[in-house]
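*Asks:* The sequence isn't on hand, but the structure is:
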């Protein structure tokens with residue numbers, strides 16, 4: 001039996017913990033083409049989908065049972081809840097993560113406790129829920145137990161946040177207990193929980209595929225019962241209404257159950273057209289299990305319901321955005337005729353703050369923020385485009401910069417932020433290089449301003465067609481980065497950017513990297529080009545990026561300087577795909593022996609794990625350096641069909657079809673053209689990678705980022721308009 005259902009474009013079918021929901025039942029197709037409002041939590045949408053599907057199901061369809069508890073019944077009737085201890089829990093309208101109600105702990109005195117408990121038959125997977133606490137810190141706690149084993153506890157002032165815990169299959173007892181010590185109270189002296197997703201054996205389990213879209217990509221998640229590493233999941237796709245299927249890269253099977261994601265298949269279809277409905281077919285080759293579904297990429301046209309014009313000229317006060325639009329009509333904030341400049345002249349922390357959703361910020365000139373040009377709070381579906389952001393950050397007492405940024409957020413709820421066609425440049429402060437010691441922090445690690453970073457956000461972001469640059473004495477620490485704080489997390493794209501002038505990582509995408517895609521960027525005048533140290537969940541895709549000058553500092557002479565690497569790694573174990581990238585070696589100035597590009601190709605920093613490379617030009621400074629540095633000889637490492645001139649440190653058999661040589665570029669190349677000369681090693685010598693190089697032009701794909709005869713690559717604000 002073949003099931004087909006549709007997944008809407010601007011909606012993440014996964015919960016924040018990686019659990020997914022059913023979008024089809026029995027033989028019925030779920031036809032769901034209306035844009036959804038994202039103010040409602042996923043569990044509410046689960047309930048609505050369940051209700052709609054129940055109405056439409058035929059007599060042969062299986063019964064649908066929700067795995068989500070949102071307390072919107074205003075009682076505890078949905079699951080077999082039990083109340084224990086000195087008081088019963090209750091539902092309340094006074095506090096909720098989403099919707100109208102949550103569950104609140106019972107009112108108790110010092111030395112007492114109140115428990116909410118439920119026992120369910122579970123499948124292996126994750127329980128996820130939101131919790132909030134207001135109590136005496138370190139003494140009065142909300143505690144969570146699975147089968148009488150304490151999993152975690154919280155006290156003090158803890159705002160709504162999601163947590164998740166792995167559960168083995170079988171009968172499981174879940175308990176939430178609020179307990180007080182023998183004296184004193186603080187805050188509201190209570191705790192709340194909401195939006196629980198149980199790993200129950202219902203039709204909402206992960207046996208159906210789910211998808212998360214962006215403009216050009218669709219991330220896929222599927223956990224069929226017969227999935228395994230040895231059972232390859234083949235992927236085909238086509239635009240709706242077309243006849244011929246196209247092949248995509250097989251999904252990767254991850255049996256580790258890490259990061260809140262269950263064991264199953266994950267992967268992406270890339271190079272898609274925006275605003276297009278695609279039919280997707282998945283098939284397990286060993287067992288024949290097949291599923292078909294429909295997903296739609298994001299449209300690049302955003303409906304505008306209201307336009308707010310900022311006054312022309314220069315203002316010196318922070319502009320606060322608090323009014324939200326809707327999926328059907330964004331609120332556009334833009335400049336009046338003649339342009340709008342917000343220059344807070346280092347008297348305010350931010351130029352713009354955003355605490356609203358469905359917002360477009362367009363064409364503003366933002367200067368002089370002590371911290372962040374734009375500070376994003378708990379918001380989603382925000383577009384920041386065509387802005388000029390500069391002169392941000394502050395100087396600390398040691399003379400170096402603070403970690404200010406052009407655009408920044410600390411919100412774990414931040415989702416679907418689109419940053420496109422902006423210029424972010426020349427921070428107010430400077431960053432120390434790797435050769436300048438910071439006494440204040442006891443480290444040589446660069447510390448200073450960045451441009452874009454979201455700390456532990458919910459993901460599903462796009463950063464594209466921006467220009468990031470500066471000059472000596474105003475260098476960035478990293479360019480696109482949130483440090484090692486799970487950025488950009490999942491289902492996010494970084495492409496078409498010009499990135500330059502930092503002492504550490506040009507693009508730092510680290511921690512989960514679940515269906516994160518980085519392509520088509522030009523990165524120069526940085527120490528490291530792309531950092532994925534680590535990739536804990538995966539997969540992450542890195543393709544058709546071009547790297548230029550690499551340097552560690554501006555102190556040492558070029559002949560004595562360490563140049564850094566193209567790809568920084570540090571274990572993790574999530575799948576990493578590295579395809580069709582080009583490491584350039586710019587000509588050195590007179591008197592310098594080596595060229596100015598990267599000294600290491602893949603594996604700068606720490607161990608490489610579970611990495612596949614194909615069709616890359618790994619041209620390092622000279623043959624004495626390492627093109628691939630898999631220092632632990634990872635048995636899952638898979639390196640082949642690359643053009644390289646340095647050492648290959650990897651397990652035996654690596655690069656059996658690779659080419660040891662130096663690229664020769666076509667002398668007629670213009671701007672954005674990196675074509676190999678027909679006489680060059682690597683010309684027409686690559687291997688076919690489904691969905692990544694289907695458009696090759698001659699006998700075989702060229703190795704490197706650029707296919708000879710293709711239109712020029714374009715980076716920055718004028719790219720691909």
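*Replies:* Everything's here; your move. Not measured: the values here are computed from a predicted model.
*Asks:* Tell me the helix or strand right after the lowest-mean-pLDDT helix or strand in the chain.
*Replies:* Every helix and strand of the chain was ranked by mean pLDDT, DSSP states H and E. The lowest is helix 42-56, at a mean of 37. The C-terminal neighbour of helix 42-56 among helices and strands, as given by DSSP states H and E, is strand 68-69.
*Asks:* Partner strands of that next one and their direction?
*Replies:* Using DSSP bridges, strand 68-69 pairs in its sheet with strand 190-197 (antiparallel).
*Asks:* What's the mean pLDDT across the strand it pairs with?
*Replies:* Average pLDDT, strand 190-197: 94.
*Asks:* and it, how far out from the chain's middle?
*Replies:* What separates the centre of strand 190-197 from the centre of its chain is 26 Å, taken as C-alpha atoms, centre = their mean, to the nearest Å.
*Asks:* if I pick residue 714, what's in contact with it?
*Replies:* Contact partners of residue 714, counting by C-beta atoms under 8 Å, 6 or more residues apart in numbering, are 496, 672, 720. Bear in mind the C-beta positions are built from the backbone N, C-alpha and C, glycine included.
*Asks:* In those residues, which residue is surrounded by the most others?
*Replies:* residue 496 (22 neighbours; other C-beta atoms under 10 Å).
*Asks:* Next one: that residue from residue 465, what distance?
*Replies:* 4 Å (C-beta to C-beta, to the nearest Å).
*Asks:* Just give the nearest non-adjacent residue to residue 216, would you?
*Replies:* Leaving aside its sequence neighbours, residue 216 sits nearest to residue 272 (C-beta to C-beta, 6 or more residues apart in numbering; 5.2 Å).
*Asks:* neighbours around the one you found, how many?
*Replies:* A count of nearby residues for residue 272, using other C-beta under 10 Å, gives 23.
*Asks:* Now do the same for it: helix, strand or coil?
*Replies:* coil (DSSP: H, G, I helix; E, B strand; the rest coil).
*Asks:* how much space is there between it and residue 495?
*Replies:* From residue 272 to residue 495 the distance is 13 Å (C-beta to C-beta).
*Asks:* One more: residue 413?
*Replies:* Using C-beta to C-beta, one gets 25 Å for the distance from residue 413 to residue 495.
*Asks:* okay, those two: which has more neighbours?
*Replies:* Neighbour totals were compared for residue 413 and residue 495, and residue 495 leads with 24 against 18 (other C-beta under 10 Å).
*Asks:* Now residue 587. Nearest residue, chain neighbours left out?
*Replies:* Closest to residue 587 by C-beta to C-beta, 6+ apart is residue 595, at 6.2 Å.
*Asks:* any low-confidence regions in the protein?
*Replies:* Scanning the chain for pLDDT under 70 picks out the ranges 1-66, 124, 201-207, 484.
*Asks:* let's see 50
*Replies:* Applying pLDDT under 50 to the chain flags residues 1-65, 203-205.
*Asks:* on that earlier part again, which residues do residue 272 and residue 495 both contact?
*Replies:* Here residue 272 and residue 495 have residue 216 as joint contacts, going by C-beta under 8 Å, 6+ apart.
*Asks:* how does the chain divide into domains?
*Replies:* Taking automatic domain parsing as the domain assignment, the ranges for the chain are 6-63+206-296, 69-197, 302-495, 509-721.
*Asks:* and of the ones you listed, who's closest to residue 502?
*Replies:* With C-beta to C-beta as the measure, domain 302-495 is the member of the domains of the chain nearest residue 502 (3.8 Å).
*Asks:* hmm, who's touching stretch 79-94?
*Replies:* By C-beta under 8 Å, 6+ apart, stretch 79-94 touches 69, 71, 74-76, 100-109, 112-120, 176-177, 192, 198.
*Asks:* Drop anything exposed from these.
*Replies:* With neighbours counted by 16 or more other C-beta atoms under 10 Å, the contacts of stretch 79-94 contain buried members at 69, 71, 76, 101-106, 108, 113-118, 120, 176-177, 192, 198.
*Asks:* Which members of those occur in strands, if any?
*Replies:* Among the buried ones among the contacts of stretch 79-94, DSSP state E puts 69, 102-104, 113-118, 120, 176-177, 192 in strands.
*Asks:* Kindly present these as CSV, with separate columns for distance to residue 230.
*Replies:* Below are these laid out as CSV (distance: C-beta to C-beta, whole Å):
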residue, distance to residue 230
69, 37
102, 44
103, 43
104, 48
113, 49
114, 49
115, 44
116, 42
117, 40
118, 37
120, 32
176, 40
177, 43
192, 45
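*Asks:* out of these, who's nearest residue 297?
*Replies:* For those, the nearest to residue 297 is residue 69 (32.7 Å; C-beta to C-beta).
*Asks:* Can you tell me how far the closest one is from residue 515?
*Replies:* Computed as C-beta to C-beta, the residue 69 to residue 515 distance reads 28 Å.
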